[in-house]
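Undergrad: One predicted model, sequence on top.
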Amino acid sequence: MQSTISVNLPTQSYPITIAPGILDFLGEKMQALTNPPLGSGSNVLLVSNSTVFKLYGQRAIASLEKAGFKPNLCILPDGEQYKNFDSVLKIYKAALKSRLERSSTLIALGGGVIGDITGFAAATWLRGVNFVQVPTSLLAMVDASIGGKTGINYYQGKNLIGAFYQPRLVLVDPKVLQTLPWNEFRSALAEIIKYGVVWDAEVFRCLEESSNLKTLLDVRSHILFFLLSRSCQAKANIVAQDEKETGLRALLNYGHTIGHALESLTQYRYFSHGEAVAIGMLAAGEIAVFLNLWSRQEAQRQSTVIEKAELSNCIPSNLEIDKIMEVLSWDKKVQNGKVRFVLPTKIGSAYIREQVPPKLVNQILLKLKSRSSTSLMSLGKPS
Ligand code: NAD
Ligand code: GLY
């Protein structure tokens, strides 16, 4: 099983290679890059976090050395709270110590946090050095490692500082998902469901036909390989048509308008990103049904898949809808007081609706809350 998908961009195209065990060929795959080459014998800086490095660091190093690279290391602490300037400074320090040159390479080995920080450091060190992504979480494999969005958080704002900076190579080894906790896997399934609803009906059908999505954690599964390949292809196609998010790429925000509001309102403590996006997708689905853009039957199919992924299907009973509406009104997607939403029209297709009346959003949120039997406290997460 191996699949190579090309992200075709006007300035620079790059491959996403997906294959079980490909981590052991990291050095070889980097060496094979041309135009310009990365240069065997040159210094590279491998950035990872303590969790992932313990699991996969030595294999990455062995592969780099075998191909003639000289790997230097920067190991950051694990967690979204470290997606900040301190971490970037640690990478700069390691880059200086490693005497990285313009033709050198920064390699991100980890989830979306490590990918985003390392990409930002790569974009800015010496005004841009080569960047290679080795995503190890499902979310990073299907979303964060592709498309060149890099950055860090600043105060309460997620990804407030950043740059578009494309990698030269993305290497996806599904086998590393063996060690990913189910909660992380489940959360990333929300993004795969998103691709199914807004872009690729085959992805959706595949999720629908899998009897138990937990079985996808069997990393030898052909279904997992199919979902990885098609999700990466979906993202590659969208990014190729709209690299800097001037239009089409905003489709990837499906479920994220309300999702972000829920995460921000609860200080990122109660919902995983996927849980919040799942509620956002349900809400957007209901709005689309109300506006006669989408059929009730397809909206129900979406709910069924979301439930099968063990993602949330309602708004906790003690969250105030007025507060969600207030957070929504600050969103960058608001224009003249009306919120921009990605709305599905059929499974595999969606469009960006510029102005959805707040009254309708309010009504739909109340509906999602009314079927709630959970409260924030019962979600059992720390306050
Ligand atoms: P993460 O990087 O924090 O990884 C989640 C957890 O899984 C971490 O504890 C990590 O150490 C662990 N982990 C990763 N791979 C593992 C493995 N194979 N085995 C065991 N544990 C493993 O979070 P994430 O969900 O990967 O990414 C979220 C981040 O990505 C956010 O900061 C978000 O803003 C960003 N993001 C960026 C983009 C983009 O386009 N750049 C898109 C989506 C999300
Ligand atoms: N994750 C959304 C994007 O890359 O545009």
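TA: In hand now; what should we look at? Numbering: from 1, shown residues only. Ligands and ions are numbered 1, 2, ... in the order given.

Undergrad: CA only for contacts and neighbour counts going forward, please
TA: Fine.

Undergrad: The closest residue to ligand 1 within the stretch 201-350 of the chain: what's it in contact with?
TA: Of all residues in the stretch 201-350 of the chain, His273 sits closest to ligand 1, at 7.7 Å by Cα to the nearest ligand atom. If you count contacts by Cα atoms under 8 Å, 6 or more residues apart in numbering, His273 has them with Ser187, Gly259, Glu263.

Undergrad: where exactly do the helices run in this protein?
TA: Ranges of helices in the chain, per DSSP state H, are 26-31, 50-52, 58-66, 85-97, 112-124, 138-139, 182-198, 201-209, 222-241, 256-265, 273-290, 296-308, 321-330, 358-370.

Undergrad: how about the ones you listed in TSV, adding mean pLDDT?
TA: Formatted as TSV, the helices of the chain follow (pLDDT from 0 to 100):
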stretch	mean pLDDT
helix 26-31	96
helix 50-52	98
helix 58-66	97
helix 85-97	98
helix 112-124	98
helix 138-139	97
helix 182-198	96
helix 201-209	95
helix 222-241	96
helix 256-265	92
helix 273-290	96
helix 296-308	96
helix 321-330	90
helix 358-370	93
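
Undergrad: Redo those helices as TSV? Include distance to ligand 2.
TA: Putting those into TSV (distance: least, Cα to the nearest ligand atom, whole Å) gives the following:
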stretch	distance to ligand 2
helix 26-31	24
helix 50-52	22
helix 58-66	26
helix 85-97	21
helix 112-124	10
helix 138-139	9
helix 182-198	9
helix 201-209	17
helix 222-241	8
helix 256-265	9
helix 273-290	11
helix 296-308	19
helix 321-330	18
helix 358-370	22
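
Undergrad: and those helices, which is most packed in?
TA: helix 112-124 (a mean of 28; mean count of other Cα atoms under 10 Å).

Undergrad: now that helix against helix 85-97, angle please.
TA: Put simply, helix 112-124 runs at 50 degrees to helix 85-97, going by axes from the mean of the first three to the mean of the last three Cα atoms, to 10 degrees.

Undergrad: For Arg186, which residues are in contact?
TA: When contacts are counted by Cα under 8 Å, 6+ apart, Arg186 touches Gly274, Ala309, Glu310, Leu311.

Undergrad: Quick one: mark the members of those residues that sit in strands.
TA: Using DSSP state E, no member of the contacts of Arg186 falls in strands.

Undergrad: Return the alpha-carbon coordinates of stretch 149-157 using CSV.
TA: Once non-C-alpha atoms are left out, stretch 149-157 reads as follows in CSV (Å, rounded to 0.1, in the frame of the first residue of the first chain):
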residue,chain,number,x,y,z
LYS,A,149,-0.6,27.2,7.2
THR,A,150,1.9,27.6,10.0
GLY,A,151,1.9,29.6,13.2
ILE,A,152,1.6,30.0,16.9
ASN,A,153,-0.9,31.2,19.4
TYR,A,154,-0.7,34.6,21.0
TYR,A,155,-2.5,35.4,24.3
GLN,A,156,-6.0,33.9,23.9
GLY,A,157,-5.9,34.0,20.1
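
Undergrad: List of residues touching that stretch?
TA: 83-85, 115-120, 158-166.

Undergrad: Near ligand 1, list only the ones from those.
TA: Applying Cα under 6 Å from any ligand atom to the contacts of stretch 149-157, one finds that Asp116 fall near ligand 1.

Undergrad: Span of stretch 199-214 from start to end?
TA: Taking Cα to Cα, to the nearest Å, stretch 199-214 runs 23 Å from one end to the other.

Undergrad: now that stretch, how far from the chain's geometric center?
TA: 18 Å (Cα atoms, centre = their mean, to the nearest Å).

Undergrad: Give me the contacts around it.
TA: Around stretch 199-214, the neighbours that count as contacts under Cα under 8 Å, 6+ apart are 182, 192-193, 195-197, 223, 227, 230-231, 234, 305, 308-309, 347-350.

Undergrad: Then stretch 21-41?
TA: For stretch 21-41, the surrounding residues in contact (Cα under 8 Å, 6+ apart) are 59-60, 62-70, 103-105, 130, 134, 169, 171-175.

Undergrad: Thr266: how many residues sit nearby?
TA: By other Cα atoms under 10 Å, the residues close to Thr266 number 15.

Undergrad: distance of it from Ala163?
TA: Separation of Thr266 from Ala163 (Cα to Cα): 27 Å.

Undergrad: before we move on, back to that, tell me the buried residues within the contacts of Arg186.
TA: Buried by 16 or more other Cα atoms under 10 Å: Gly274, Ala309, Glu310, Leu311, out of the contacts of Arg186.

Undergrad: For ligand 2, give me its nearest residue in the stretch 251-383 of the chain.
TA: Leu252 (5.2 Å).
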